Structures are given as C-alpha cells and as structure tokens.
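*Asks:* starting from these lines, generate the structure:
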Amino acid sequence: MTDSQALAAAPGANPTAAAPAGARTAADVVTPEVVAQLARGVVGSGRTLNHTPFTGEKLADLPESTPEDVATAFARARAAQPLWAAASPRARGAVLLRFHDLVLERQAEVLDLIQLETGKARLHAHEEVQAVAVAARHYGRRAPFYLKPKRHTGVVPVLTKTTELRQPRGVVGQIAPWNYPLELSVGDALPAFVSGNAVVMKPDTETALTALWARDLLIEAGLPAEVFQVVLGEGPVVGPEVVKHADYVSFTGSTRTGREVAQGAAARLIGVSLELGGKNAMLVLHDADVEKAAAGAVRACFSSAGQLCISIERLYVHESIADDFIARFAARTKAMRLGTALAYGADMGSLVGERQLETVARHVEEAVAKGATIVAGGVARPDIGPYFYEPTILEGVESPMAVCTEETFGPVVSVYRFTDEDEVVAQANATSFGLNSSVWTKDGRRGHAVAAKLRTGTVNINEGYAPAYGSVQAPMGGMKDSGLSRRHGSEGILKYTEAQTVAQQRLMPLGPSFGMDDEKYAAFMSRALKAMKALRLR
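*Replies:* I've put the predicted structure just below:
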C-alpha cells in the first residue's frame, strides 16, 4: 500500500455517496441474455473479457477479432454500403431521428452500461446521452442541406454549368476510446452513416457493451445491420487492420497513437480525422464572478473524473481574486461525493483502471516531492473502489514537474496565479496541445478578445467545455498536437464525403470555334476575362 492509499480514510476525505435502496447491480444489468444479444454484433472468432472499474471484476465474455475477422467485417460493410448510399439523405436522416427518440426513451439502459464500463458518475454518463441526442437531431435534420448538390459559377457563365456533388467515401474505419463510449463511438459515426457510408468500428474492449447497445438501437431505428460492423481486440493488433482496410479513418485517443494512425492512413493516401490529447487551460480574469467561476471549475476539472480530453488541467487565476477563488474552489472540491451506485447522487466516480490511477498518483506525488502543495485531495480511495482517487487541487506547480506539461487525464488540476493578461495568454498557449480552453469574465467583449488569442480549437466563456462541444452546428477539434480535422457542423459530415465537380459545357466548346483561329480565340477569351472582372464575377 502506498502512502496515499494509507491516507484514504483520513479526516477531511471526500464523502461517499450512499447507494439508494434497491439500486441495481452489475449482475442485474449485464445478464447472460444481454451479453448474448449484444455480442451478436461483433465479428470475432476468439474470446476476450471486459471489466468494471467500480470493483475490477469481470463484466462480460466477448468475441475477439483476428485480422481475418477484420477483413470479413470490411467485406460485409463494403457489400452493403451501395444500397444504403442509394437511399436519399432525408431517408437516412430519418433513421437518426428515430434513433434520437429511442436513446432518450431507453436512456436508463445505457446509463447503467456507461457507468459500469467507465466507472463515471451517472450525471457525467448523462452528458453522453445529451451529446448523442443533439448530434442525431442535428444531422438527422441538416444532412439533406449539407449533402445537397451545390451550383457554382462556371468558367464561362451561361456557357458552363458547374455542380458540386458529395459522394460517400465508402467504408469508414472508426477507432473509438474508452472514456466516452457512447458519444465517441456512435456519436462520431452518425454523420458517417447519414452521408451514405458504412462503418467498421473498433471500440475499446473495456467499454464495448455501450457501443454494441448503440448499434442495436440504430438497427432498431432502421439502419441496415450489415452497414454497421464491430470488431474487438487489442489496439496494436486490431487498430492497424482497421486502418489497412478503411476508405477513411476516424480516431479519438492519445497523441502518440494518433501519429501512428495518421502514418498508416498517409501510406494508403486515405483521409483521417484525429481528436487527440489536451492540457487545457482555464483563465479566471480579475472581473470574473468568483462564486460562479469556482462552481464552473468543479465541472470543468472533475467531470468523468477528469478523463475527458477537453477537461481543464491548468487553472490560471488573477492575483487580486486568487485567495477567494481558491478557498471557494477547494471547499466545493472537498465536498464532492464519490460513489459507485447506478443512480444519481454521486458527484464523481472512478478512474477507469490501474494505468490511469498510476499516472494520477505519480503526477501528484512527484509534484509534492518537488515542492508543490496539495490544496485538496491527493489521496487514493480504495475504501470505495480499486481505482478511486479524490479530486485534487495543486498549487506551486512548475516545470519540470510532469503534471505541469504532461496530460494527466485524471481528477487533478494545477492552479497558477497571474497579474498580466497578455502574459497569462502566452502561458496558456505555451504547450504543444491546443484542444480546449475556458475564459471567465463579466465582460463579454473582453472574453471574446482573450478567446481570439488562445490557440485552441474551442474556447468557452464562463463555462468549462460544454457550450462549445454541445453547439453541434459549429466545428469542434484541436490545433497543434491535439489533432486534425473537426467533428460537428459542416466539417463534421463533409469529411466523410468526397467532393465531386461535374461541369457541363453548353453552346460552344472551350476552344477555337465559329471559324476562330487560335489567335482570335485567345483574344476573345482575354476580352471575356476582363469583362468578368469588370462585372465583379467571382
């Protein structure tokens, strides 16, 4: 037992949320019948297991896919894709709208699965339900607009009729992570489906039941089963096979693995979208509402136990309000209730596994050994579950402490004080990552001015991450080492298509005609080009 584990029951530890009477257990939810139903969606000839972080115990036996199984899944998806693509965008969108209704009607089922597979609190699991419903509604209704043929001005107006078409790429290979097993699996697949593609998905084995539940619901909503294939297995084995066969790859995960996926896609000259790591900053300016900022910091830093690519790990507070802010933030953090019940009531759940717990403990212990101070938390809680760790606030963090620059991906935030606004923007930008950031101020104009200087794909003013992520008409993604391409909005669906230009020439060719020789044709085109500029044609 480590020193931090020995302190688990010390006075002042975070309280435990009591399980309500009659709360369901893993045995109630993950029955043999449920596993058999969901496992039918996996193309796999081997066997593997997944586990629940709440206890570390086995949840289910599942099929495991070999490289040959992955090839079979792609062959099935490729055979089914043309018929699905032949349906109109409106018909495909109707499937998403029915899926939207089913997810909301049967959310209790998937909330149980998300909690059991990830260890997160139920309210944090519900964020996934919200995100998937919003994406399904948006793309279900807007896909016909995004995908409709678009007229463009031809090289010679009237004579040239030019139309841009959007063709599906074919079969999209999707590699989804464990931390948001509903939103980052099916949530990302929805625009791929509605644009006419088939999908072969590799979810993380430890959170596969959630993704398979979503597959069943999409099929119930009208998606042809063969269009949605699922393969399971170790990332280094199955992941490259997905990249090997796909026409386009969608990946969410670590920056290190993202580089490998990008290299594999580049070797085949196929497109790729990557949402990768972050070391996200929150800036609390001198005129911020301190109480609202402290409450917002709890959401920004500790949702899903900090296992969220867009959560805050660096918190910069203006010196004039720092003492007040830190006191309020620490009080709220220390009052957070930790729990394992499949019910609302806990404020934070568990880390997902031993590797995450080791990283969190190492970052905190190294920082303290080098002079940082623990303001709140800083201890594991094996009395609740094997991978629980208290929400932790550190002060006095500086380079070369690992927690200063490396992504922790856990419930740990470092607080820094500042006096100059330009300097703190520079500090927030002084990282190889560029995924998300947050600015707190009562002055909206000031907030927007600061936001424009931050080198992150999304910026939230007076909230941590949810407004930008949830605004699905706008793009979401990372700059620098935080990724390529975007999800949401037009970019989030058009990336799953190939642009095709169809140009029809009418009346006369683009070449000498009507008795013109080369010189006369060149003079004619020169006059035409000057006229088009004068008429302000674009």
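
*Asks:* tally of neighbours for residue 223?
*Replies:* Residue 223 has 23 neighbouring residues, counting by other C-beta atoms under 10 Å. (C-beta placed from N, C-alpha, C; glycine too.)

*Asks:* brain fart, residue 287
*Replies:* When neighbours are defined as other C-beta under 10 Å, residue 287 has 14 of them.

*Asks:* from residue 312, how far out is it?
*Replies:* Remark: distance between residue 287 and residue 312 (C-beta to C-beta, to the nearest Å) = 20 Å.

*Asks:* how about residue 340?
*Replies:* Per C-beta to C-beta, residue 340 is found 25 Å from residue 312.

*Asks:* now do the strands in the stretch 351-500 of the chain.
*Replies:* 373-376, 392-395, 412-418, 433-434, 436-440, 458-461, 479-480, 483-484, 497-505 (DSSP state E, counting those that start in this stretch).

*Asks:* of those strands, which stretch is the most buried?
*Replies:* Burial of these is given as mean neighbour count (mean count of other C-beta atoms under 10 Å); strand 436-440 ranks first at a mean of 29.

*Asks:* packing partners of it?
*Replies:* strand 280-284, helix 290-302, helix 444-453, strand 458-461 (3 or more C-beta pairs under 8 Å, 6 or more residues apart in numbering; DSSP states H and E).

*Asks:* okay, now the sheet partners of the helix or strand that comes right after the longest one, with direction.
*Replies:* The first helix or strand that comes after helix 290-302 along the chain, using DSSP states H and E, is strand 312-318. Sheet pairing for strand 312-318, assigned by DSSP bridges, gives strand 280-284 (parallel), strand 412-418 (parallel).

*Asks:* and the angle for the helix or strand just after strand 312-318 with strand 436-440?
*Replies:* Counting by DSSP H and E, the element after strand 312-318 in chain order, helix or strand, is helix 322-334. Here helix 322-334 runs at an angle of 120 degrees relative to strand 436-440 (axes from the mean of the first three to the mean of the last three C-alpha atoms, to 10 degrees).

*Asks:* quick one, what contacts residue 126?
*Replies:* By C-beta atoms under 8 Å, 6 or more residues apart in numbering, residue 126 lies in contact with 107, 111.

*Asks:* buried ones in the helix or strand hosting it?
*Replies:* Per DSSP H and E, residue 126 falls inside helix 122-147. For helix 122-147, burial by neighbour count (16 or more other C-beta atoms under 10 Å) applies to 122-129, 131-140, 142-143, 146-147.

*Asks:* ok, stretch 76-92 next?
*Replies:* Residues of stretch 76-92 classed as buried by neighbour count (16+ other C-beta under 10 Å): 76, 77, 78, 80, 81, 84, 85, 87, 89, 92.

*Asks:* that stretch: how far from the chain's middle?
*Replies:* Here stretch 76-92 shows a centroid-to-chain-centroid distance of 25 Å under the convention C-alpha atoms, centre = their mean, to the nearest Å.

*Asks:* with stretch 88-95 instead?
*Replies:* Relative to its chain's centre, stretch 88-95 lies at 24 Å (C-alpha atoms, centre = their mean).

*Asks:* which residues touch that stretch?
*Replies:* By C-beta under 8 Å, 6+ apart, the residues outside stretch 88-95 that reach it are 84, 139-141, 143-144, 147-148, 193-196, 218, 221-223.

*Asks:* how about the strands paired with strand 312-318 in TSV, adding distance to residue 24 and mean pLDDT?
*Replies:* As requested, the strands paired with strand 312-318 are exported to TSV (distance: least, C-beta to C-beta, whole Å; pLDDT from 0 to 100):
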stretch	distance to residue 24	mean pLDDT
strand 280-284	34	98
strand 412-418	31	98
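
*Asks:* minimum distance to residue 13: which of the ones you listed has it?
*Replies:* The closest of the strands paired with strand 312-318 to residue 13 is strand 412-418. By C-beta to C-beta, the value is 16.3 Å.

*Asks:* neighbouring contacts of the closest one?
*Replies:* Applying C-beta under 8 Å, 6+ apart, the set of residues contacting strand 412-418 is 297, 301, 306, 312-319, 322, 326, 329, 360, 363-364, 367, 372, 375, 377, 392-395, 397, 403-404, 424, 427.

*Asks:* extract the CA atoms of it and return them as CSV.
*Replies:* What follows is strand 412-418, C-alpha atoms only, in CSV (Å, rounded to 0.1, in the frame of the first residue of the first chain):
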residue,chain,number,x,y,z
VAL,A,412,-6.0,16.7,-11.0
VAL,A,413,-5.7,20.5,-11.7
SER,A,414,-2.8,22.8,-11.0
VAL,A,415,-3.6,26.4,-10.0
TYR,A,416,-1.4,29.3,-11.1
ARG,A,417,-1.7,33.0,-10.2
PHE,A,418,-1.1,35.8,-12.7
